[in-house]
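Enquirer: Need a 3D model of the following:
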Amino acid sequence: MNRINWIDYSKACLIYFVVLIHYGHINDNVLNLICAINMPAFFFISGYLHKTSEWKSSIKKNFQRLIIPAIGFSLLYMAVNTITYYIENQTLSLQDNLIKPLIGIIRYDRPNATPPCGVIWFLEVLFLCNVVVDIVKKNTAFITTLTLLCVAATFFLTTQEIVNKSYGFIPQRFLACFPFVVAGILFRQYNLLEKFFKNYVLGIIAIAAFIVSSIWNGRVGIMTWQFGNSNNVLLFFTIAIIGSISFFWLIEKIKYDTPSVILKFSTGTITILCLHKMMIPVLSHTLHMNPYIGSLLIMVICLPLILFFDKYTPWLVGRKRA
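Expert: Take a look at the predicted model:
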C-alpha cells in the first residue's frame, strides 16, 4: 500500500495535539489554535481516505475497525480501574465498577453512567459517519443535502443551548462531524487539496486567516459542544475547514520520506488515543513534567504498546491480522 506522506505526518501531529490538550497547562492561544482544527482535521482525513463499500459490508468493516477497539479499550480501562480500587483498598461495587462503566460506553450521562474511556466518542461518531456515507454512496445531491441539514441542526441545537449528554450524545456529535467527513471526500474527489498545495500565496493567506480568526473566536470543542466566544456555528465550520487545509498545506511542504517512528504514530493513533489519559496523571501530577515534553513522552511510551497490539492483539486496534 502506498503511503501518503502528508497524511502520516498530519495524523502524528494531530494525535500529539490530542495528548497535549488533555495534558493541559498550555498557553490559551495555542489551545485555541489546536482545538479549532484537531477533531475537524481528523474527520477530514477520514473522509479523504474513505473507500465506499456496500452498506452491509461497511457496517461489518467499521464495526471491526472502530467499535471493537472502543469496547476493547473501555473494558481494559474498567479492569485497570478495578485493580486500582483493590490496591487502594477502596470499596468495589457492582453499580459503580461494572454497570455504570458498561452503560458509559454508549452513554455520556455521568450521574448515571461513567464512561470508562471517554475519548471513544470519536470512534463511535466516525463509525456513524462512515456507515452513513456508504449508505448514501455517490448520490451527490443527497449527501450535500444531508450535510447542510447537519450544519443546520448543529446551528439550531447551539442557538437553543441544547447539549445532550445522554444517549443522544453520539448522534448530536455526528451532526457536527459529518460535514468534515464529506469535505474530505469532496476534496479528494475533485483534487482540491492537490491544487491548493501548489499555491504558496493562498496557503500563506489561509494560515494567517486561520491564526487570527481562531485566536479571536476562542476555545471550541465538538465534544463539549462549544463553538467559540460568539458561539457561531457557521464561523466554527469556516475556521475549521480553512484551518485544516492550511495545516495540511504546511505539513505537505515536508518533502522527506516518512520515518518509521512517524509511521507508527500515524498507524497507532487508536492506541495513543485510548491509552494516553491513563498516563497523564503520572507525568503531569506526579512528575510535574512540562506539558509539551510530557505529551511527547507519552507518545514514545505508547510505541512499544502499538507494536505489541499490532502483533498479538490486532483486533483490539481494528485490524484483522498483524
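Enquirer: show me what contacts the nearest residue to residue 39 once chain neighbours are set aside?
Expert: With sequence-adjacent residues excluded and distances taken as C-beta to C-beta, 6 or more residues apart in numbering, residue 39 is closest to residue 222, at 5.2 Å. C-beta coordinates here come from the backbone N, C-alpha and C atoms, glycine included. Counting by C-beta atoms under 8 Å, 6 or more residues apart in numbering, residue 222 makes contact with 39, 40, 173, 176, 177.
Enquirer: For stretch 63-83, list every residue counted as buried.
Expert: Residues 65-78, 81 are the ones in stretch 63-83 that count as buried (16 or more other C-beta atoms under 10 Å).
Enquirer: Stretch 309-317 too?
Expert: By 16+ other C-beta under 10 Å, the buried positions in stretch 309-317 come out as 309, 310, 316, 317.
Enquirer: before we move on, the earlier item: and the contacts of residue 222, which is closest to residue 61?
Expert: If you rank those by distance to residue 61 using C-beta to C-beta, residue 177 comes first, at 18.9 Å.
Enquirer: what's the most distant pair in the buried residues of stretch 309-317?
Expert: 310 and 316 (9.5 Å).
Enquirer: any idea which of the buried residues of stretch 63-83 is least confident?
Expert: The pLDDT minimum for those sits at residue 81, where the score is 86.
Enquirer: That residue belongs to a helix, doesn't it?
Expert: Yes: under DSSP: H, G, I helix; E, B strand; the rest coil, residue 81 sits within a helix.
Enquirer: how about the contacts of residue 222 in a markdown table, adding secondary structure, pLDDT and neighbour count?
Expert: Converted to a markdown table, these look like this (DSSP: H, G, I helix; E, B strand; the rest coil; pLDDT from 0 to 100; neighbours: other C-beta atoms under 10 Å):
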| residue | secondary structure | pLDDT | neighbour count |
| --- | --- | --- | --- |
| 39 | helix | 97 | 26 |
| 40 | helix | 98 | 28 |
| 173 | helix | 96 | 23 |
| 176 | helix | 97 | 28 |
| 177 | helix | 98 | 26 |
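Enquirer: So which of the buried residues of stretch 309-317 is the closest to residue 112?
Expert: Among the buried residues of stretch 309-317, residue 316 lies closest to residue 112 (C-beta to C-beta), at 27.6 Å.
Enquirer: That closest one contacts residue 73, correct?
Expert: Yes: at 7.2 Å, residue 316 counts as touching residue 73 under the criterion of C-beta atoms under 8 Å.
Enquirer: wait, what's in contact with residue 205?
Expert: With C-beta under 8 Å, 6+ apart as the criterion, no residue contacts residue 205.
Enquirer: per-residue confidence for it?
Expert: pLDDT recorded at residue 205 is 97.
Enquirer: Please apply the same query to residue 138.
Expert: Predicted confidence (pLDDT) for residue 138: 72.
Enquirer: for the one 4 residues further on, same thing?
Expert: Predicted confidence (pLDDT) for residue 142: 89.
Enquirer: ok, it touching residue 136?
Expert: Yes: counting by C-beta under 8 Å, residue 142 touches residue 136, with 5.5 Å between them.
Enquirer: and the two? which has more neighbours close in?
Expert: Higher neighbour count among residue 142 and residue 136: residue 136, with 19 against 12, using other C-beta atoms under 10 Å.
Enquirer: List the contacts of stretch 310-318.
Expert: Taking C-beta under 8 Å, 6+ apart as the rule, stretch 310-318 contacts 64-66, 68-69, 72-73, 267-268, 270-271, 306, 309, 319-322.
Enquirer: 7 Å instead?
Expert: With C-beta atoms under 7 Å, 6 or more residues apart in numbering as the test, stretch 310-318 has contacts from 64, 65, 66, 68, 69, 72, 270, 271, 309, 320, 321, 322.
Enquirer: now do stretch 152-170
Expert: Here stretch 152-170 makes contact (C-beta under 7 Å, 6+ apart) with 107-109, 121, 124-125, 128, 172, 175-176, 225, 227, 231, 233-234.
Enquirer: Next: stretch 122-131.
Expert: Stretch 122-131 has contacts (C-beta under 7 Å, 6+ apart) with 39, 43, 46, 50, 55, 58-59, 62, 66-67, 69-70, 170, 173-174, 177-178, 181, 273.
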